[in-house]
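Enquirer: Based on what follows, work out the 3D shape:
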Amino acid sequence: MLLRKTVKILLSISCSCLVGIVWGGEDDFVVRLERMINNHDKLAAVRSEERGSQAAVQKAWAEWYPVLKATTSRGEKTGHTTTNPDFHLAPFERNLTLNQTLWDFGKTATETNRAEVASQLSAITVEITRQTLLYEGAAAWGNLCRAVGTVEFARRSVENIRQQTGIEESRVELGSGLPTDVLQAKSQLAGAEARLVRAEGSLNLAMNRYLALFGELPPPPEKLHRVEIKKALVPDSLDTLLQEGMNQNLDIHSANKSVELSRLRVDQNRTNILAPRVSAILEYRNNRETDVTNLKQEEMLAKVEASFSLNTGLSGVHALDEAREGLEASRNRLGDTRRTTEEQLRNAWDNLQTALRNKALLADQAAISDAFLQLAKEERLLGRRSLIDVLSGETSLINAQADVLSAQVDVDIATFSQLRTMGQLSFDSFQELAEPCLMEKKSKKESKKKNNLK
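Expert: This next block holds a predicted model:
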């Protein structure tokens, strides 16, 4: 609640005051991103699962070692026989059994391989989660940058229209202005204020997303700089993107490991049905007073044993059928993942190209708006333009500049998405630019000169 009130206060005051208030620490983007990755619950969860899968590998390897079983018992035994009408014994038994599997026709080896593949799959899941968080963090940073800049542009537009409306009202009172210009200026002011409200709402949403991901306040606006992908990492053609993306996409790697797991499950169920287990068994027994004729007994036994079990309901056969269908399902999911990944790669390329073209066109629009404004000011001095023409030109320029900033963020986010789809997004992929998201406000001297010109 306090944060929302703070944001509203910051948005209602001037830009110079806004950048002077500290929202959070002044750490740069990569430092904050590393802190977020290290502390995020989602990544901590999959890392715990990865450690669990590694423990499962050790458990599977332990099946190769012999099993030692020790039993001991002591009790009281009374009774009578024809030769011993009344007896009382204190039987004591102590048995040690060492069982070592000699051959199970690949069952233990298959279980070990399954555990290792499952561990590899968990490691891929960790990397997928890490790169997803990297993308979400970078996108949240970019959207916050966009929102801060958009609010500032919208605020400037409102200030500009409000100021010029007041000037025109004064001219009307002096008899040199036009009432229709005042009404038109007020209409533009209402529209500009509506844009400011929408921009403030977008900033609130961007702040909420940032807080949810990073768990901390964002840096001060003057420390909030654009972040982009290093140019050398961005593919220069669609063919390069498809080739590298299909080879390195983590979803495809994960689907491949799932197919391998399903195949090993089929092998495991097959050996469970068809293969016996051959074991070497060594037993040691030490018994006393187990019966009236055996007051003390000590023996050792070494043997090789073959065992085989079969459920008469053929549950093993049904389990094998289930595993085979699971393998077929995994193969189908792999094929679907490949097609989906290719679509995502193509979409990522098209989105980036569209964003680049859109940014270029908007930059041209901003340049044309700036040129028009300069000419309109000159014609205003010559009496060929009304104040509303100049005002509209300034408003168009401010809006065009805001659109250029938004388009640039779209380009940045498109490159983030492209590298994530390729499976190559890392901390080293980013570079923080010196260009601030919050543009510097014009000096008072320049503003005074502009007002005199008008």
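Enquirer: And the helices in the stretch 301-450 of the chain?
Expert: In the stretch 301-450 of the chain, the segments counted as helices under DSSP state H, counting those that start in this stretch are 315-381, 387-422, 444-453.
Enquirer: looking at those helices, which is closest to T271?
Expert: Go through the helices of the stretch 301-450 of the chain one by one with CB to CB and the one that ends up closest to T271 is helix 315-381, at 10.0 Å. C-beta here means a position set from N, CA and C on the backbone, and glycine is covered the same way.
Enquirer: Kindly provide the distance from the nearest residue to V317 once chain neighbours are set aside to A60.
Expert: Sequence neighbours aside, I273 is the residue nearest to V317 in space, at 6.4 Å (criterion: CB to CB, 6 or more residues apart in numbering). For I273, the distance to A60 equals 20 Å [CB to CB, to the nearest Å].
Enquirer: out of the two, which sits in the more crowded spot?
Expert: A60 (20 against 14; other CB atoms under 10 Å).
Enquirer: The more buried one contacts S119, correct?
Expert: No. At 9.7 Å, A60 does not count as touching S119 under the criterion of CB atoms under 8 Å.
Enquirer: pLDDT of stretch 287-297, averaged?
Expert: Mean pLDDT, stretch 287-297: 68.
Enquirer: just to revisit the earlier point, what's the per-residue pLDDT of the residue nearest to V317 here?
Expert: 78.
Enquirer: list the contacts for it?
Expert: Residues touching I273, when contacts are defined by CB atoms under 8 Å, 6 or more residues apart in numbering, comprise 310, 316-317, 319-320.
Enquirer: same deal with I37?
Expert: Shown here is I37, whose contacts under the criterion CB under 8 Å, 6+ apart are 43, 130, 133-134, 137.
Enquirer: Top of the residues you listed by number of neighbours, please.
Expert: For these, the largest number of neighbours (other CB under 10 Å) sits with G137, at 24 neighbours.
Enquirer: and the nearest residue to it once chain neighbours are set aside, helix, strand or coil?
Expert: Counting by CB to CB, 6+ apart, the nearest residue to G137 once its immediate chain neighbours are dropped is L33, at 5.1 Å. Secondary structure of L33, reduced to three states by DSSP: H, G, I helix; E, B strand; the rest coil: helix.
Enquirer: Now do L33 against V411, distance only.
Expert: Applying CB to CB to L33 and V411 gives a distance of 19 Å.
Enquirer: rewinding a little: where's the residue nearest to V317, which helix or strand?
Expert: Secondary-structure assignment from DSSP states H and E places I273 in helix 250-274.
Enquirer: V158 contacts L196, doesn't it?
Expert: Yes. Between V158 and L196 there is a contact at 5.3 Å, judged by CB under 8 Å.
Enquirer: So A319 sits against T271, correct?
Expert: No. In terms of CB under 8 Å, A319 does not count as a neighbour of T271; the distance is 11.6 Å.
Enquirer: what's around the residue nearest to V409 when sequence neighbours are not counted, how many residues?
Expert: In this structure, V409 finds its nearest non-sequential neighbour in R146, 4.2 Å apart by CB to CB, 6+ apart. R146: 25 surrounding residues under other CB under 10 Å.
Enquirer: Can you name the residues that contact R146?
Expert: By CB under 8 Å, 6+ apart, the contact set of R146 is 202, 206, 405-406, 409, 437.
Enquirer: what's the pLDDT at T6?
Expert: Model confidence at T6, expressed as pLDDT, equals 37.
Enquirer: Ignore what I typed, I meant T395.
Expert: 81.
Enquirer: measure it to Q188 for me?
Expert: In terms of CB to CB, T395 sits 6 Å off from Q188.
Enquirer: anything in contact with each of the two?
Expert: Shared contacts of T395 and Q188, defined by CB under 8 Å, 6+ apart, comprise I161.
Enquirer: Just want to know which of these two has more residues nearby.
Expert: The residue with more neighbours, out of T395 and Q188, is T395; 23 against 20, by other CB under 10 Å.
Enquirer: Next, count neighbours for the residue lying closest to that one once chain neighbours are set aside.
Expert: Nearest-residue entry for T395: S157, 5.5 Å, with adjacent residues in sequence omitted and distances by CB to CB, 6+ apart. Residue neighbour count, defined by other CB under 10 Å, stands at 26 for S157.
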